[in-house]
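Colleague: Quick one, what's the 3D model for this:
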Amino acid sequence: GRRPAKCYRYIKNKPYIKSRYCRGVPDPRIRIYDTGNKAAPVDLFPYCAHLISWEKENISSEALEAARITCNKYISKFAGKDAFHLRVRLHPFHVLRINKMLSCAGADRLQTGMRHAYGKSYGTCARVSIGQIMLSVRTKDQNAKHVLEALRRAKYKFPGRQKIAVSKYWGFTKVPREEYVKAKAAGLIEDQGAHCRVAPNKGPLANYMQ
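Modeller: Numbering: from 1, shown residues only. Prediction:
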């Protein structure tokens, strides 16, 4: 089976990515990064919580997929499948290698030991730094406790330490919640799906003449 994550947990070398030189890389286990009601307009989900890495390490694509499934399943069960938008913020671009050893009888004649020890591609992982966001969920305020519990359960799928933080911003935007309400009332918010754009106070005067 697979090697345990402890073999590949620490960031040691430079990033080693899939390229025209490094071919034959197995597909990452995680294929879907956004689940739930991802088409929900920005106004619908004001509450946002993040799972934040508190350690510098590698996170395998298998762990990311396991965490996504856990989080998605819990919130869907207790809040409803259209009551949230979950986004996985890590992408497994770093390729892991394995120097395969034979362990059958008569292997000693075939085996090279540590000669030509550069390994074959074995899987992929994401390189995470301290304070980096791993998962983000946006939802309505009434579902906050379900989101926090789902993120707590997702923590068990990862090595190392993580923290759960409640965002001061509106959903996935970069606008604080109080400012968003004021800007929305003033008609300065331009809806861009899960995100928004605040109209700049620049441009032709005609735009600001009532």
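
Colleague: what kind of secondary structure is Arg87 in?
Modeller: For Arg87, the assignment made with DSSP: H, G, I helix; E, B strand; the rest coil gives strand.

Colleague: From Asn37, how far out is it?
Modeller: Distance, Arg87 to Asn37, using Cβ to Cβ, to the nearest Å: 12 Å. Bear in mind the C-beta positions are built from the backbone N, C-alpha and C, glycine included.

Colleague: Name the surrounding residues that touch the longest strand anywhere in the chain.
Modeller: For the chain, the strand with the greatest residue count under DSSP state E is strand 120-128. For strand 120-128, the external contacting residues (Cβ atoms under 8 Å, 6 or more residues apart in numbering) are 2-3, 8, 11, 15, 18, 22, 24-26, 28, 53, 55-62, 64, 90-100, 134.

Colleague: how does it look with 7 Å?
Modeller: Residues outside strand 120-128 that contact it (Cβ atoms under 7 Å, 6 or more residues apart in numbering): 8, 11, 15, 22, 24-26, 28, 53, 56-61, 64, 90-98, 100, 134.

Colleague: model confidence over that strand, on average?
Modeller: The pLDDT scores in strand 120-128 average 96.

Colleague: Which helix or strand lies directly C-terminal to that strand?
Modeller: strand 133-139 (DSSP states H and E).
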